[in-house]
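**Q** Output the structure for:
(2 chains)
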Amino acid sequence: MYTQALNTAETDDRGLEDAAKAAQFQARIDAEERIEPNDWMPAAYRKTLTRQISQHAHSEVVGMLPEGNWITRAPTLRRKAALLAKVQDECGHGLYLYAAAETLGSSREELVDAMLAGKAKYSSIFNYPTLTWADIGTIGWLVDGAAIMNQIPLCRCSYGPYARAMIRVCKEESFHQRQGYEIMLTLCRGSDEQKAMAQDSLNRWWWPVLMMFGPPDATSQHSDTSTKWKIKRFSNDELRQKFVDATVPQAQYLGLTIPDPGMKRDADGHWRYSEIDWAEFKQVLAGNGPCNRDRMAARRKAHEDGAWVREAAAAYAAKRAQRQTAQAAE
Amino acid sequence: MATPNTPLWEVFIRSRNGLAHKHVGSLHASDATMALQAARDIYTRRGEGLSIWVVPSSAITASDPAEKAMMFEPAESKIYRHPTFYEVPEEVGHM
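**A** Numbering: from 1, shown residues only, chains lettered A, B, ... in the order given. The predicted structure follows:
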């Protein structure tokens, strides 16, 4: 999902730690207790969560770029106000998440620098372009829909600050999905050209959205420990299946066709989808998607352009603090 | 000179009159005025509050979770501090 790069192997340093403490920690997890920032935790738990939460935060921030692309070209003032509010929410989500990640001991500056240096990842989905207005509808409906599917179980994640951030995010995300579906509904009830635009958008986004849930369970290396630590409550394939089952009837209502000729409904009621092109997923994660370079360039430019503001604010605060100390000394 | 890391603030919001301020999260800002403005933008986009407090995180002294057993034991063992410790005959009614 927003943390796909976690599906790579990681060194296991648990052997070096106090076995009794580790057992006590696992017992707390098994008893559904929440772990809080100052509690003892295994180094690997801290590391996994720092990576997961910061990647999630980077995804929210980079996620503003494809949608920001359409703010000045939204078709009506109503759509423009809603899109602005949505993009502002994504920024807020990034900030809640950075704050949660920082409770694990990394500074905001370190986390942001890792992203700008290309060392930390963000979700593959934001490396696809938003070519038409319909893409804003599809992103709200499907990208945010997939995100909700992933984030609802994270509200019960074992790490308290992450779970609390997710509760806030989920409350706000529902507006995003509904505004997206409303855009699609309006296009599908419009002219033939508008409906064709909606269909074209679905065609381009469907497979990348399914990839958001990460590699199939059989090849995901990270799930075992994350499941044991109750960071992850459902597997990639379970969440993907839930999403497909929820989405197919919504597409049918719109009168749109899911671009998967092999899709069929099984006797058990589940919609079965065809094989996903994991080679494309790997390419996008490796930095070779259609917009990877643009996204990184835009983030670096925004960070550099904001440097004078950070410097000025710090200088002003330092001057005021100095004056206060001088006054106190008089 | 490198810009120093921006200080961390804890944010407390009173959601409506009659309720206490409640911790909602944290943010970075270089001074108190900017912290208040950022708290407004980050934590009250949907009418969540009537009043905001921002406190430098460095000003908070916290108890140590590793010592919670010792810290809170006195409250655990004094069951006579609870009303149900005392027996009142049923005939007396609600008390």
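**Q** hey, which helix is longest across the chain?
**A** Using chain A here. Longest helix of chain A, by residue count under DSSP state H: helix A:160-188.
**Q** To clarify, I was referring to chain B.
**A** helix B:32-43.
**Q** quick one: that one to chain centroid distance?
**A** Centroid separation for helix B:32-43 versus its chain: 18 Å, with Cα atoms, centre = their mean, to the nearest Å.
**Q** helices or strands up against it?
**A** Applying 3 or more Cβ pairs under 8 Å, 6 or more residues apart in numbering or on different chains; DSSP states H and E, one finds that helix B:32-43 makes contact with helix A:77-102, strand B:8-14, strand B:22-28, strand B:51-56. (Each C-beta comes from the backbone N, C-alpha and C, glycine too.)
**Q** got these as TSV, with mean pLDDT columns?
**A** Formatted as TSV, the helices and strands packed on helix B:32-43 follow (pLDDT from 0 to 100):
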stretch	mean pLDDT
helix A:77-102	96
strand B:8-14	96
strand B:22-28	94
strand B:51-56	97
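**Q** Of these, give the one that comes closest to A:A328.
**A** strand B:51-56 (17.1 Å; Cβ to Cβ).
**Q** picking that back up, what element comes up after the longest helix of chain A heading to the C-terminus?
**A** helix A:192-211 (DSSP states H and E).
**Q** In that following helix, which residues are buried?
**A** A:195, A:197-202, A:204-211 (16 or more other Cβ atoms under 10 Å in any protein chain shown).
**Q** so how far is the longest helix of chain A from its chain's centroid?
**A** Helix A:160-188 sits 12 Å away from the centroid of its parent chain (Cα atoms, centre = their mean).
**Q** Next, the angle from it to helix A:192-211.
**A** 150 degrees (axes from the mean of the first three to the mean of the last three Cα atoms, to 10 degrees).
**Q** Can you report how many residues neighbour whichever residue of the stretch 51-200 of chain A sits closest to chain B?
**A** Closest to chain B within the stretch 51-200 of chain A is A:A99: 4.8 Å, counting by Cβ to the nearest Cβ. Look at A:A99: counted by other Cβ atoms under 10 Å in any protein chain shown, it has 23 neighbours.
**Q** Would you confirm that it contacts B:V24?
**A** No: proximity of A:A99 to B:V24 does not meet the contact threshold set by Cβ atoms under 8 Å, at 10.3 Å.
**Q** check contacts around the residue of chain B found nearest chain A.
**A** In chain B, the residue found nearest to chain A is B:S30; the distance is 3.9 Å by Cβ to the nearest Cβ. Counting by Cβ atoms under 8 Å, 6 or more residues apart in numbering or on different chains, B:S30 touches A:R310, A:A313, A:A314, A:Y316, A:A317, B:T6, B:P7.
**Q** do the same with A:R79
**A** Going by Cβ under 8 Å, 6+ apart, A:R79 touches A:I183.
**Q** coming back round to it: report the contact partners of the residue lying closest to the residue of the stretch 51-200 of chain A closest to chain B once chain neighbours are set aside.
**A** Leaving aside its sequence neighbours, A:A99 sits nearest to B:S26 (Cβ to Cβ, 6 or more residues apart in numbering or on different chains; 4.8 Å). Counting by Cβ under 8 Å, 6+ apart, B:S26 touches A:A99, A:E102, B:L8, B:W9, B:E10, B:V11, B:S57.
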